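Undergrad: Got a sequence here, can you model it:
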Amino acid sequence: MNTIFNVLIIEDNSELRENLRRCLLKLGCDVSIAETAEGGIKKLQTYQYDAVFASLCLHSFGGRGIARWVKQNEINETKFFLTTSWKGDLELDLLKVDGIHDVIRKPFTFNEIRDKVLEHLG
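TA: Next comes the predicted model:
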């Protein structure tokens, strides 16, 4: 299968990271991994991604901070997905100010990942 999209996962939980990676590979995506926010930003500085899937809570700073960095550095072609296990409501309109396109709930399901990828990336 040809690669559809180049994506970056920024997730410090190895089990969740692997689950998301498998879902994206199943969709035909080329997947890069970063275990830290700093590692993710380093990859974003050197390679263009169609999408980033970043955890809301990481050890140093979270997905919102990474999304702000992407927006400030005008990496506009990259769709940004915030991943979280938090069950509360997140104001999508406020998240969009930070450059976040959508929220994906943990634990990940293939159907949700597929639907979000298709909705935002075509």
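Undergrad: For stretch 103-120, list every residue counted as buried.
TA: Burial within stretch 103-120, assessed by neighbour count using 16 or more other CB atoms under 10 Å, is assigned to Val103, Ile104, Lys106, Phe108, Ile113, Lys116, Val117. All C-beta spots, glycine's among them, are computed from the backbone N, C-alpha and C.
Undergrad: Just the ones of these in strands?
TA: Residues from the buried residues of stretch 103-120 lying in strands, with DSSP state E as the criterion: Val103, Ile104.
Undergrad: how about the buried residues of stretch 103-120, which pair is most distant?
TA: Lys106 and Val117 (16.2 Å; CB to CB).
Undergrad: Just read off the phi/psi values of the nearest residue to Thr78 once chain neighbours are set aside.
TA: For Thr78, the nearest residue in space outside its immediate sequence neighbours is Tyr49; the separation is 5.3 Å by CB to CB, 6 or more residues apart in numbering. With angles defined as degrees, to the nearest 10, Tyr49 shows backbone torsions of phi -110, psi 150.
Undergrad: Could you list everything the residue most central in space within the chain pairs with in the sheet?
TA: In the chain, the C-alpha closest to the average C-alpha coordinate belongs to Phe53, at a distance of 0.9 Å (CA atoms, centre = their mean). As for beta bridges, Phe53 partners with Ile9, Phe81 under DSSP bridges.
Undergrad: List the residues that contact the residue nearest to Ser85 when sequence neighbours are not counted.
TA: For Ser85, ignoring the flanking residues on the chain, the nearest one in space by CB to CB, 6+ apart is Lys106 at 4.0 Å. With contact set as CB atoms under 8 Å, 6 or more residues apart in numbering, Lys106 has these partners: Leu16, Thr83, Thr84, Ser85.
Undergrad: And Lys106, how close does it get to Leu20?
TA: Counting by CB to CB, to the nearest Å, the gap between Lys106 and Leu20 amounts to 9 Å.
Undergrad: which residues are in contact with both of those two?
TA: Once CB under 8 Å, 6+ apart is applied, the residues that Lys106 and Leu20 both contact turn out to be Thr83.
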